[in-house]
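Asks: The following comprises the amino acid sequence and a computationally predicted model.
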Amino acid sequence: MFVRKTLRRYRRQTYTNYVLVESVRTPKGPRQKVVCSLGDLSPRPREQWLELARKVEAALVGQKELLAGADGEVAQVVERVRRGRPRRERANASDLIGVHTDRIRTEEHRAVGPVHVGVQYWRRLGLDEILEANGFSERARVLTLAMTMNRLIHPCSEHAMPDWIRRTALADIVGVDFARLRDKALYRNLDRLHPQRKAIEAALAERERTLFNCDQTVFLYDLTSTYFEGQALQNPKAKRGYSRDHRPDCKQVVVGLVINREGFPLAHEIFAGNQQDRNSLKSMLDRLSERVPLKPGQTVVVDRGMAYEENLAEIRSRKLHYLVAARHPERDRWLAEFEGEGFQEVIREPSPRNPLQKKPKVEVKIERRGAETYVLCRGEGRVEKDRAIRCKQEQRLICDLDKLALRVTKGRLIKEQAIGEAIGRLKERYPRVARYYQIRYDAEQKKFNYSVDAEKYDRAEKLDGTYLLRTDRTDLGAEEAWRLYILLTRAEDAFRDMKSPLSERPIFHHLERRVETHIFLCVLAYHLLVAVENTLLDKSVHTSWRTVRETLETHQVCTVVLPTDRGAVLCIRRGSTPEPEHRQLYELLSVPLEVMRPQRSWVEPEQDCSD
């Protein structure tokens with residue numbers, strides 16, 4: 001029940017009245033029914049309306065002792081409600097019982113808040129309908145929901161997942177008994193999901209486009225890596241390569257992800273762990289075209305790891321535009337322009353999450369050369385970062401060069417070809433700093449030495465804090481192009497969320513299909529995460545899913561056990577009353593406050609309500 005304020009005009013006068021309202025089920029769905037009028041409650045604050053409705057509802061349950069101790073106003077309202085109800089309702093005295101108050105207890109407490117929000121957004125995105133359209137049975141849809149909720153709320157292995165599901169109120173919300181659920185059913189569901197990933201992803205992208213009015217003109221593409229625990233001998237994609245997780249000792253796979261301007265995933269692809277960034281673009285564009293329609297004039301934003309001419313030609317061949325960060329060797333040719341005048345400062349608003357923190361200064365300048373537009377960017381916050389990265393790689397390069405020199409001096413490495421290959425591997429391992437060093441081996445004198453190219457090194461120091469953007473769009477200004485490129489950080493945020501709150505890493509599966517489905521479930525959970533955060537962002541609330549999840553953990557469902565004077569025991573399974581912080585989040589997310597309909601059952605005294 002709740003209290004609603006009503007206004008009525010009569011003869012140029014406005015009259016305020018408050019009514020008590022309850023939700024009732026009808027053949028046409030839930031409806032709101034006025035129970036009785038409460039008169040004028042002003043100037044009473046809104047919080048006291050809720051308290052009055054709660055007390056009336058508790059008293060109407062029929063607990064005589066509680067009703068006897070109620071204040072006069074509550075007793076009067078209860079009497080009016082009972083007089084106003086139909087005779088057949090008043091005649092039914094089954095809900096009027098005597099309760100032994102000293103023996104009341106609660107049982108089977110289950111966390112419900114995060115699960116409630118997750119299920120509501122699962123339904124809002126229409127995932128049940130999408131799965132049903134792709135041939136999934138009702139049981140398979142429920143299992144997929146449960147596995148996605150686990151990724152979203154408390155990630156764990158399929159082996160531990162059934163116990164987690166039973167510790168939540170998911171069974172109460174979806175009306176399914178998970179008492180006999182075992183991990184084998186979850187593994188089978190992984191195999192069932194694998195061949196349907198493309199169809200589900202395409203349908204979900206279309207659903208989000210209409211639901212959230214998503215932009216379809218900009219695609220942000222980036223890659224990351226995810227490592228394995230174990231050797232993963234049965235997975236041909238498990239390879240060693242450049243690890244973004246700083247785990248070069250582990251095999252890994254590379255994950256490519258395309259998102260739109262709002263941060264919703266559009267397509268993802270799993271590559272071998274040794275996949276180079278530059279060689280992934282064509283395959284990713286093919287996958288993207290299968291998920292969403294590619295139209296001439298759309299823009300693909302990628303980082304410098306894919307800024308090679310063959311990739312730009314591939315984008316142009318599909319009649320798309322590109323915006324990329326130029327590679328460092330290309331940037332070096334623009335030193336004179338970076339040192340020149342004509343830069344304009346980008347106005348950057350403070351972060352709503354930290355309004356007192358001032359953002360680093362960024363300046364941009366535009367240069368048009370032929371059919372391409374170049375944007376020169378320099379930021380004071382990047383100077384120290386670039387210098388620290390270069391110094392760190394330089395120390396590692398010098399250490400490895402000294403080791404190589406020692407091997408040559410002691411005669412452990414003799415053949416000129418082997419020494420040349422070792423030098424090549426070092427240049428490939430440290431490309432950012434190796435180009436500033438002259439590394440030589442004199443085969444006649446059998447001497448190995450290296451030295452710093454002072455001119456190149458000096459040029460690199462002058463370019464610290466600068467980066468160069470390239471695009472074939474002629475309608476973009478310098479600041480607009482910079483802001484469009486900065487959207488790429490949303491792809492980085494997506495990877496960060498998938499790896500931390502959604503626990504994509506490490507991967508314990510070894511079969512290729514299950515590895516790919518594991519990552520797909522993380523992507524599904526990320527769809528829900530983005531939907532929640534975007535809903536809050538639209539209402540100017542800058543809160544992460546992690547904070548929402550932690551806040552709602554204290555909202556629970558439990559069974560209230562009422563020993564009656566008749567000898568039997570009444571068990572009521574229901575959600576607890578949301579606390580103010582719960583209520584605030586539910587209202588912001590447009591999620592119902594009632595997580596489930598109360599379930600009543602009678603048992604004998606010696607029985608347990610949980611049986």
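Replies: Thanks, I have the structure now.
Asks: how about residue 545, what does it touch?
Replies: With contact taken as CB atoms under 8 Å, 6 or more residues apart in numbering, residue 545 is in contact with 152, 497, 501, 529, 532, 533. For the C-beta atoms, the positions are set from N, CA and C on the backbone; glycine is no exception.
Asks: same question, residue 216
Replies: Here residue 216 is in contact with 209, 260, 292, 295, 298 (CB under 8 Å, 6+ apart).
Asks: what bridges to residue 268?
Replies: Using DSSP bridges, the bridge partners assigned to residue 268 are residue 257.
Asks: follow-up on the earlier one: show me which of the contacts of residue 216 are buried.
Replies: If you count burial by 16 or more other CB atoms under 10 Å, the buried members of the contacts of residue 216 come out as 209, 260, 292, 298.
Asks: Out of those, flag the one nearest to residue 370.
Replies: Of all these, residue 298 has the smallest distance to residue 370: 22.3 Å, by CB to CB.
Asks: Tell me the one among the buried ones among the contacts of residue 216 nearest to residue 374.
Replies: Nearest to residue 374, judged by CB to CB, of those is residue 298 at 21.2 Å.
Asks: Surely that closest one is in contact with residue 323?
Replies: No. Residue 298 is not in contact with residue 323 according to CB atoms under 8 Å; the separation is 11.3 Å.
Asks: Give me the pLDDT value at residue 605.
Replies: Note on residue 605: pLDDT of 65.
Asks: outside of the helix or strand that residue 480 is a member of, which residues touch it?
Replies: Secondary structure assignment for residue 480, by DSSP states H and E: helix 478-486. Identification of contacts with helix 478-486 by CB under 8 Å, 6+ apart yields 218, 299, 301, 323, 325, 344, 346, 362, 364-366, 373, 375, 377, 469, 471, 473, 476.
Asks: Using JSON lines, lay out the buried ones among the contacts of residue 216 together with secondary structure, distance to residue 174 and pLDDT.
Replies: Output for the buried ones among the contacts of residue 216, formatted as JSON lines (DSSP: H, G, I helix; E, B strand; the rest coil; distance: CB to CB, whole Å; pLDDT from 0 to 100):
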{"residue": "209", "secondary structure": "helix", "distance to residue 174": "27", "pLDDT": "92"}
{"residue": "260", "secondary structure": "coil", "distance to residue 174": "30", "pLDDT": "94"}
{"residue": "292", "secondary structure": "coil", "distance to residue 174": "30", "pLDDT": "91"}
{"residue": "298", "secondary structure": "coil", "distance to residue 174": "39", "pLDDT": "95"}
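Asks: what does stretch 520-535 contact?
Replies: Contact partners of stretch 520-535, identified using CB under 8 Å, 6+ apart, comprise 117-118, 121-122, 124-125, 127, 147-148, 151-152, 193-194, 197, 200-201, 204, 208, 212, 257, 262-265, 268, 494, 497-498, 501-504, 543-545, 548, 588-590.
Asks: and it, which residues are buried?
Replies: In stretch 520-535, counting by 16+ other CB under 10 Å, buried: 520-533, 535.
Asks: I'd like to know which elements the longest strand seen in the chain is packed against.
Replies: Looking across the chain with DSSP state E, the single longest strand is strand 13-26. With contacts taken as 3 or more CB pairs under 8 Å, 6 or more residues apart in numbering; DSSP states H and E, strand 13-26 sits against strand 2-10, strand 29-39, helix 46-60.
Asks: could you redo the last one with a cut-off of 7 Å?
Replies: Applying 3 or more CB pairs under 7 Å, 6 or more residues apart in numbering; DSSP states H and E, we find strand 13-26 packed against strand 2-10, strand 29-39.
Asks: got JSON lines for these, with mean pLDDT and distance to residue 562 too?
Replies: Shown next, in JSON lines, are the helices and strands packed on strand 13-26 (pLDDT from 0 to 100; distance: least, CB to CB, whole Å):
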{"stretch": "strand 2-10", "mean pLDDT": "73", "distance to residue 562": "24"}
{"stretch": "strand 29-39", "mean pLDDT": "72", "distance to residue 562": "23"}
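Asks: residues of the longest helix along the chain that come out buried?
Replies: The residue-count maximum for a helix in the chain (DSSP state H) belongs to helix 380-409. By 16+ other CB under 10 Å, the buried positions in helix 380-409 come out as 382, 383, 386, 390, 393, 394, 397, 401, 404, 405, 407, 408.
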